[in-house]
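Output the structure for:
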Amino acid sequence: GEVFLIVENHLPIQDAYHMDCRERAIDLFSEYRVWDTEENTGVLIYVNICEHQLEIVADRGISTHVSPTVWSAMCEKAVSGISNKKTEESLAQLLDEVGQVLRQYYQLEHNPAGNELSDTVVFLK
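As a prediction, the model looks like this:
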């Protein structure tokens, strides 16, 4: 499985009136090709600072195994930590928790070619 993190200050002005954070996360999942992994196990974590919201979008290879309530609980826990000014700690813990879920369903093997998705955090204004 592959995890990709995007942090955005706010929804783009042109989208703010007709798009919520979940829809934005789904759009970014597509735009950044998080779905483009060999086993369809990409997971996007989307953080919207202004809206105080966090969304997890999982590709079909992992979403068939993991209930949406699991992702929702992780989001709520992370948002609570972020609200308490523990942003870095909360996101690090969330990344670890998502990684643990992925390891339950997919064996991690050393891949000399590296990750399928970039490890770089994307910051959008």
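
how far does stretch 27-47 stretch from start to finish?
End-to-end distance for stretch 27-47, by C-alpha to C-alpha, to the nearest Å: 13 Å.

Stretch 118-125 too?
19 Å.

I'd like the numbering to begin with 9 instead of 1 from here.
Understood, numbering begins at 9; the last thing we discussed is stretch 126-133.

buried stuff in it?
Within stretch 126-133, not a single residue qualifies as buried, counting by 16 or more other C-beta atoms under 10 Å. Bear in mind the C-beta positions are built from the backbone N, C-alpha and C, glycine included.

Can you name the residues in contact with that stretch?
Contact with stretch 126-133 is made by Phe12, Leu13, Ile14, Val15, Glu16, Asn17, Tyr40, as judged by C-beta atoms under 8 Å, 6 or more residues apart in numbering.

Make CSV out of those and add pLDDT.
Formatted as CSV, those follow (pLDDT from 0 to 100):
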residue, pLDDT
Phe12, 93
Leu13, 96
Ile14, 96
Val15, 95
Glu16, 91
Asn17, 87
Tyr40, 95
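
Can you tell me which of the residues you listed is closest to His26?
Glu16 (16.6 Å; C-beta to C-beta).

give the contact list for that closest one.
Glu16 neighbours (C-beta under 8 Å, 6+ apart): Arg32, Tyr54, Val55, Asn56, Ile57, Phe131, Leu132, Lys133.

In a strand, the third one, correct?
Yes: applying DSSP: H, G, I helix; E, B strand; the rest coil, one finds Val55 inside a strand.

Spell out which helix or strand contains the closest residue to it other than its chain neighbours, please.
Once flanking residues are discounted, Val55 sits nearest to Val15: 4.6 Å by C-beta to C-beta, 6 or more residues apart in numbering. If you go by DSSP states H and E, Val15 is part of strand 10-16.
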